[in-house]
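just coords:
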C-alpha cells in the first residue's frame, strides 16, 4: 500500500485538501450503522411502534441525521462545505436492532463519505438518547461506509 494521509502535509501539520484542480462530478455515499437493544427493550419499543414520551423515535432520529449531514463541515475540522443535492436516511427494525442507512449525494469536487457517516452516527446517538430512560444497555455498532461513487475511486463493501 503506497498511499499517504491526505490531511497531513510534509511537515506533519493538519491541512485541508486543496480540491481546486478537481473536476465537478456527481458523487454519492451510503453509510450504515446499527443500534442494538436488549430483547425485552426492543419488544417493548416495537409494541409501542417506536413511540416514546419524546415522540417518534425513528422520525426524530431521521431529522437529527439530516441536520447532522448538513453540519458535517462544522463538526469535522478538515471537511469541505458541500452543496448537497440529496439526503436519505432510512431506519428499519430488524431482530433486536434498528438498522440505519444514510445516502448522501452532491455534484462537487469532493465526496460525501463523511456526511453519510455523520448522518448515521447522529441518528444512532439520537435513538440512544430517546431510549436511554428504558435501558443503558443499548449498543451502537457497525458504523461503516457501504459504498461511494464519483471522484477518482469508487468503493463498495
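Received, thanks. Everything numeric in this text was worked out from a predicted model, so none of it was measured. Numbering: from 1, shown residues only.

so what's residue 94 up against?
When contacts are counted by CB atoms under 8 Å, 6 or more residues apart in numbering, residue 94 touches residue 34. All C-beta spots, glycine's among them, are computed from the backbone N, C-alpha and C.

which residues does it bridge with?
Note on residue 94: beta-bridge partners by DSSP bridges are residue 97.

Span of stretch 127-142 from start to end?
Start-to-end span of stretch 127-142 (CA to CA, to the nearest Å) is 15 Å.

buried ones in that stretch?
For stretch 127-142, the neighbour count (16 or more other CB atoms under 10 Å) marks 127, 128, 130, 131, 134, 138, 140 as buried.

which residues touch the first one?
Taking CB under 8 Å, 6+ apart as the criterion, residue 127 is in contact with 35, 57, 58, 61, 91, 98, 100, 138.

let's see it at 10 Å
Contact partners of residue 127, counting by CB atoms under 10 Å, 6 or more residues apart in numbering, are 33, 35, 37, 45, 50, 57-58, 60-61, 64-65, 91, 98, 100, 138, 140.

Regarding it, what is its secondary structure?
helix (DSSP: H, G, I helix; E, B strand; the rest coil).

change the start of the numbering to 639 and stick with it
Okay, using 639 as the starting number, the last item reads as residue 765.

And the lowest-mean-pLDDT helix or strand in the chain, what does it pack against?
Sorting the helices and strands of the chain by mean pLDDT, DSSP states H and E puts strand 689-690 at the bottom, at a mean of 86. For strand 689-690, the packing partners by 3 or more CB pairs under 10 Å, 6 or more residues apart in numbering; DSSP states H and E come out as helix 695-708.
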